[in-house]
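S.K.: dropping the sequence and predicted coords here.
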Amino acid sequence: MKRIGIVLSLIIMLGMGVANAHLTKGTDDFTQGQRISSQNDVAGQIDSILLTKIINLDSVEYEISINKRTTKEFALAKTTIEIKVDNNPSRKFSIQNIQAIPTGEPFIYSYHAKASIDKDLVDEFKNAKRIAIRTELVNGWQPVIVLREYILNEWKEVIATEK
């Protein structure tokens, strides 16, 4: 009986890690290029983070998006997303767009911030052992997300994916 409990616990724990991440493919409505995204739920001050690769006819673009469900007092600020890969110097990327979408709950919005990142940083991701991401909330708080290994692996899969 004890073995069954241990086996079931392991299955549940392994399933939880996989259930919080997924890779999607589709067409970019604006460029008609192919979109490949990794969306991952993260615990803490941020709800989820996405890495998106957009493959166009003559170029490849990358975006990072951060989602947070909260009140206006704790919303994402339209400043920068700062990214640190391993022991390399951190780099900041301007947030291009923030959307506030009502959730149906009083005073709660789903905030979505997006920033384009350059190919040099993406090249650092390919061999990264640790990626830390910092953003800013309107109240000045700067939450830090350290990506888990399964997220790093999925991001590397997005980067390696061709059409």
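M.R.: It's in.
S.K.: model confidence over the host helix or strand of Glu61, on average?
M.R.: Here Glu61, judged by DSSP states H and E, is contained in strand 60-70. Mean per-residue pLDDT for strand 60-70: 95.
S.K.: buried stuff in it?
M.R.: For strand 60-70, the neighbour count (16 or more other Cβ atoms under 10 Å) marks Glu61, Tyr62, Glu63, Ile64, Ser65, Ile66, Asn67, Lys68, Arg69, Thr70 as buried. Just so you know, the C-beta spots here come from the backbone N, C-alpha and C atoms, and that holds for glycine as well.
S.K.: may I see these organised as TSV, with distance to Tyr111 added?
M.R.: Output for the buried residues of strand 60-70, formatted as TSV (distance: Cβ to Cβ, whole Å):
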residue	distance to Tyr111
Glu61	22
Tyr62	21
Glu63	16
Ile64	14
Ser65	11
Ile66	8
Asn67	7
Lys68	5
Arg69	7
Thr70	7
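S.K.: which residues are in contact with the strand holding Glu61?
M.R.: 45-54, 74-76, 81, 83, 93, 103, 108-119, 122, 133, 135, 137 (Cβ atoms under 8 Å, 6 or more residues apart in numbering).
S.K.: in what helix or strand does the residue most central in space within the chain lie?
M.R.: Nearest residue to the geometric centre of the chain (Cα atoms, centre = their mean): Ile49, 2.1 Å. Using DSSP H and E, Ile49 sits within strand 48-55.
S.K.: packing partners of that strand?
M.R.: strand 34-41, strand 60-70, helix 149-160 (3 or more Cβ pairs under 8 Å, 6 or more residues apart in numbering; DSSP states H and E).
S.K.: name the surrounding residues that touch the shortest one.
M.R.: It stands for strand 34-41. Contacts for strand 34-41 (Cβ under 8 Å, 6+ apart): 20-28, 47-55, 147, 151, 154-155, 157-158, 161, 163.
S.K.: are any of these buried, and which?
M.R.: 20-21, 48-55, 147, 151, 154-155, 158.
S.K.: list the buried residues in stretch 135-152.
M.R.: Thr135, Glu136, Leu137, Val138, Pro143, Ile145, Leu147, Arg148, Ile151.
S.K.: what's the most distant pair in these?
M.R.: The most widely separated members of those, counting by Cβ to Cβ, are Val138 and Arg148 (26.9 Å).
S.K.: ok, back up a step: Asn127: which of the buried residues of strand 60-70 is nearest?
M.R.: Tyr62 (16.1 Å).
S.K.: low-confidence stretches in the chain?
M.R.: For the chain, applying pLDDT under 70 flags the ranges 1-21, 163.
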